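Q: task: produce atomic coordinates for the following.
(one chain, ligands or ions: 1)
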Amino acid sequence: MNASLPAEATAALTEETLFVTQPLLSPLEDFIPYLREIWDSKVLTNGGPFHQRLEKALEAYLGVEHLALLSNGTLGLVTALQALRITGEVITTPYSFVATAHSLLWNGIKPVFVDVDPHTLNMDPAKIEAAITPQTTAILPVHCYGYPCDIDAIQKIADNYNLKIIYDAAHAFGVKTDGKSILRHGDLSVLSFHATKVFNTFEGGAIICPDAKTKQRVNHLKNFGIVDETTVVAPGINGKMSEINAAFGLLQLEHIDEALVRRREISVRYCELLSSVKGIHCLPACESPISNHAYFPILVGDDYPISRDALYEKFRERNVIVRRYFYPLISEFPMYRGLPTAHRANLPVASDAAQRVLCLPIFPTMTNEQMDRVIDIVMSC
Ligand SMILES: *Cc1c(COP(=O)(O)O)cnc(C)c1O
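A: Predicted coordinates:
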């Protein structure tokens, strides 16, 4: 070992890179029989047998009815807005992955940003009413980090003003309130099965519909609007999940319970070890029994010795790739920042959180030694 190297550089040379997440991957050999079945049937897509089986299996697992698979979560959001014929203005949160608002722009809808609640970083229902105009047709909240939105308050406002609700539930796989799926709320909920999510099909997504008729419309929209050989009822898109992705999802589902258990263990251990660190604040999602522990966000306070970005750099020096989810806010990106509701003065809580947040590594195969490496960096500043 070169004694003249600073401690960080030495560590960087010796320690493996630790990423914020690692995809849940079922054993490869277990997937071979599924592939063989696809090769034998020669059905590769278009709602084949694995597509149908995964829809049924997910409905049973999640405790929902009328789940429609899609090729990814973003097309799920775009299609959900089409399915409900949403137009005009939609109220949403700036504190999310950029796809949330992009789905509105793809539909020619104007996003209207409202601020978030300081404890959960979910959309603050108290801010919604003031943002409603005669053009408002819907609300698009996000169950951020898998922690449920204030669904009752949002529903009440939607009922009062006759607005639709589409939940971006990309983080919320398996989350329940009162023992029932969070996905039963609102008019539609959209899941993402992207590689980085709690449950993945490499790429994938789903729309949870309230009834068979809505699912039928989604099915048409995700298949070019085609009903049969001679009938096209809508300018649909190609949003179908392929048989490979669906088959993989079926296999992944066998491992999801143990993955969720381990996520909870990691989250609880992080909370314990970090609770004594002055200036580091955990969110309610961290310890909550109703969270799926999709992420482990911390907020770096003014009373922590160094800034969030300095801590972010410290992690990088030690080969730990943490992420600033969600910084910058969606409202800061060029296609949004000109909107009247995108100003920081309108979004003080979200703007502050975006400057303080760091998401620490969390994934089912993470070891306690890997966690100790992360904790050690936080404690040594
Ligand atoms: C991942 C994600 C999406 C997009 O899902 P994809 O499957 O990657 O298209 C949308 N919204 C949020 C909040 C996400 O985290």
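Q: tell me where the stretch 1-150 of the chain has helices.
A: With DSSP state H, counting those that start in this stretch as the criterion, the stretch 1-150 of the chain has helices at 7-14, 28-41, 49-62, 73-83, 99-105.
Q: which residues does residue 217 contact?
A: 83, 234 (C-beta atoms under 8 Å, 6 or more residues apart in numbering). Any C-beta I mention is one placed from the backbone N, CA and C, and that applies to glycine too.
Q: could you tell me the angle between the one helix or strand it maps to and helix 73-83?
A: Per DSSP states H and E: residue 217 is located in helix 212-221. Note on geometry: by axes from the mean of the first three to the mean of the last three C-alpha atoms, to 10 degrees, helix 212-221 and helix 73-83 are set 120 degrees apart in direction.
Q: what's the first helix or strand after helix 212-221?
A: Next along the chain after helix 212-221, taking DSSP H and E as the criterion, comes strand 226-228.
Q: hang on, isn't residue 86 packed against residue 187?
A: No: using C-beta atoms under 8 Å, residue 86 makes no contact with residue 187, being 9.6 Å away.
Q: any common contacting residues for the two?
A: 164, 166.
Q: quick one: which of these two has more around it?
A: Using other C-beta atoms under 10 Å, the more surrounded residue of residue 86 and residue 187 is residue 86, with 22 against 19.
Q: ok so, going back, may I see the buried residues of the helix holding residue 217?
A: By neighbour count on 16 or more other C-beta atoms under 10 Å, the buried set for helix 212-221 is 214, 215, 217, 218, 219, 220, 221.
Q: then stretch 21-32?
A: So, applying 16+ other C-beta under 10 Å, buried residues of stretch 21-32: 21, 22, 24, 25, 26, 31.
Q: what of stretch 327-340?
A: 327, 329, 330, 331, 336, 339.
Q: which ones are touching the third one?
A: Same thing as residue 330. Residue 330 sits next to 93, 94, 95, 96, 98, 100, 101, 111, 113, 336 when contact means C-beta under 8 Å, 6+ apart.
Q: repeat for the fourth one
A: Residues in contact with residue 331, defined by C-beta under 8 Å, 6+ apart, are 94, 113, 337, 339, 341, 342, 343, 347, 350.
Q: among these, which ones are buried?
A: 94, 113, 339, 341, 342, 347, 350.
Q: against the ligand, how distant is the fifth one?
A: So the one you mean is residue 342. Distance, residue 342 to the ligand, by C-beta to the nearest ligand atom, to the nearest Å: 18 Å.
Q: just the last one next, same as before
A: The span separating residue 350 from the ligand equals 14 Å under the rule C-beta to the nearest ligand atom.
Q: just the element for that residue, please.
A: Assessed by DSSP H and E, residue 350 sits inside helix 348-356.
Q: next, the buried residues of that helix.
A: For helix 348-356, by 16+ other C-beta under 10 Å, it's 349, 350, 351, 353, 354, 355, 356.
Q: dump these to TSV, plus distance to residue 287 and pLDDT.
A: Shown next, in TSV, are those (distance: C-beta to C-beta, whole Å; pLDDT from 0 to 100):
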residue	distance to residue 287	pLDDT
349	21	98
350	23	98
351	26	98
353	18	98
354	23	98
355	24	98
356	19	98
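Q: related to what we said a few turns ago, also near the ligand: which of the contacts of residue 330, exactly?
A: When C-beta under 6 Å from any ligand atom is applied, the members of the contacts of residue 330 adjacent to the ligand are 96, 100.
Q: name the nearest residue to the residue in the stretch 1-150 of the chain positioned nearest to the ligand, ignoring sequence neighbours.
A: Going by C-beta to the nearest ligand atom, the ligand is nearest to residue 73 of the stretch 1-150 of the chain, at 2.7 Å. Distances taken as C-beta to C-beta, 6 or more residues apart in numbering put residue 192 closest to residue 73, at 2.8 Å, once the chain neighbours are dropped.
Q: good, we can wrap up now.
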